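In: Show me how the following folds:
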Amino acid sequence: MQYDSLIIGSSPLMILEAIYLTISGKKVIIVEKNNYLGGAWYLLNFFEHKSIESGCHIWYRDKKVYNFLKNEFRINMESCYPQPIIIFNNVRLPYKWKPLIHFFSMIKSFKRKRSIINFIRTAKQESSIVSQYFYPKSGSVELMKKLFFLVEKMNIKVIRNQATKKIVLNEGALTATLNNNKKIHCLEVVAGSHSELGEVYYDGKIEHIKNNFENSNHTIHILIKGHSKKSFSYIHLIGNDKLIRVSDLTFQLNKGCKDSLFCIQITDDLFKEKGNTADTVAIALDELKRQNLVIKNAEVVKYKFSNYTCQYRNFEQTKNIKYKIGSHVRFLNTINLIYSFGRHIKRWKVLDKNRVIKSYF
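Out: Numbering: from 1, shown residues only. This next block holds a predicted model:
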């Protein structure tokens with residue numbers, strides 16, 4: 001079967017791209033290497049509690065995107081309470097100070113020019129007219145469920161548990177080969193920042209798309225006995241040797257539950273030393289106590305480990321592929337959810353001129 005677009009990956013941005021292309025009349029297929037959809041934003045079940053956010057998430061400040069999600073998807077945003085913070089050298093600071101701290105760290109360690117450019121880009125993104133951080137009332141769960149709903153309603157073809165092994169360009173048409181040797185014929189490939197392309201054949205040449213490095217997020221969901229005073233919403237612990245991020249997901253528990261749920265991203269060093277063990281949970285809880293994020297006599301009721309691994313492509317190879325066959329392969333930056341949305345809203349609205357999405361909600 002011939003498709004107009006092959007979407008590699010199923011992060012929120014890639015799903016939205018598939019939805020809008022479908023609305024515009026394109027025949028679209030999504031290929032996802034995992035057995036679930038959502039990328040780093042996938043949902044998991046925490047024992048009897050269903051559809052819980054799998055990681056520590058924050059929505060960056062962008063009024064245009066907030067309004068887009070509210071108007072098109074009926075997602076109501078609420079001001080985060082308390083507002084997100086960073087903990088740096090045991091000092092609590094507003095989250096919006098994070099780029100400044102990274103900037104001084106770069107200067108101190110004489111980081112390369114590209115790091116400075118990345119800081120300037122991040123600082124520009126952070127300087128939004130929205131003064132506070134907002135998050136959906138039901139969390140990112142609400143957005144993900146609506147995206148999954150639209151994929152089903154629009155009959156968008158999805159193949160799970162398969163990665164792209166090879167892409168061949170021949171006379172203006174593309175053929176993608178998956179790990180199971182299934183072939184997909186299409187006119188264009190749309191890839192995200194972490195999409196794995198394998199080998200790309202064009203003009204008699206072969207480009208082996210390699211990944212610069214692999215990034216693994218090791219996460220623990222910990223259920224703490226009893227309700228404690230809400231002391232934080234989202235925290236990034238900079239330079240901590242045990243914890244990286246912590247978010248309070250108590251509001252996503254089943255109604256009537258009298259306990260508290262925290263999502264904790266631990267460091268690679270802690271994971272390598274202790275792994276998915278009760279010792280790791282105990283160390284994480286002790287650090288929460290030391291940072292005064294939970295009460296001193298807090299007790300763990302249940303816990304669950306999860307892991308999400310993504311690949312980062314070689315920048316120069318990606319640039320070369322875009323130059324050689326850019327009209328057939330489109331790369332979308334999916335590293336930051338909100339700013340990724342912001343770059344495509346205008347184009348999406350043109351594709352959905354009849355407001356099809358709004359009619360579903």
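
In: Name the residue closest to the centre of this protein, please.
Out: Centroid check for the chain by Cα atoms, centre = their mean gives A40 as the closest residue, at 4.1 Å.

In: Could you tell me the model confidence score at the nearest residue to that one once chain neighbours are set aside?
Out: Distance criterion Cβ to Cβ, 6 or more residues apart in numbering; nearest residue to A40, sequence neighbours excluded, is Y308 at 5.4 Å. (Each C-beta comes from the backbone N, C-alpha and C, glycine too.) Listed pLDDT for Y308 reads 90.

In: likewise the one 4 residues further on?
Out: The model reports Y312 with a pLDDT of 74.

In: Tell me which strands the helix or strand harbouring it pairs with, and in which orientation.
Out: Secondary structure from DSSP states H and E places Y312 in strand 300-313. Applying DSSP bridges to the sheet, strand 300-313 is found paired with strand 211-224 (antiparallel).

In: ok, and what's touching the very next helix or strand once past the strand it pairs with?
Out: Where DSSP H and E defines the elements, the next helix or strand beyond strand 211-224 is strand 234-238. Contacts to strand 234-238, defined as Cβ atoms under 8 Å, 6 or more residues apart in numbering, come from residues 56-58, 80, 84-88, 95, 98, 101, 133, 243-248, 291, 293.

In: Please state the offset of strand 234-238 from the chain centre?
Out: Offset of strand 234-238 from its chain centre (Cα atoms, centre = their mean, to the nearest Å): 17 Å.

In: Show me what counts as buried in it.
Out: 234-237 (16 or more other Cβ atoms under 10 Å).

In: cool, stretch 168-186 as well?
Out: 169, 174, 176-178, 184, 186.

In: same check, this time on stretch 141-157
Out: By neighbour count on 16+ other Cβ under 10 Å, the buried set for stretch 141-157 is 141-144, 146-148, 150-151, 156-157.

In: ok but the residue nearest to the centre of the chain is inside a helix, no?
Out: Yes - counting by DSSP: H, G, I helix; E, B strand; the rest coil, A40 is found in a helix.

In: Check the gap between it and G198 for me.
Out: According to Cβ to Cβ, to the nearest Å, A40 stands 21 Å off from G198.

In: what's the burial count for K349?
Out: K349: 15 surrounding residues under other Cβ atoms under 10 Å.
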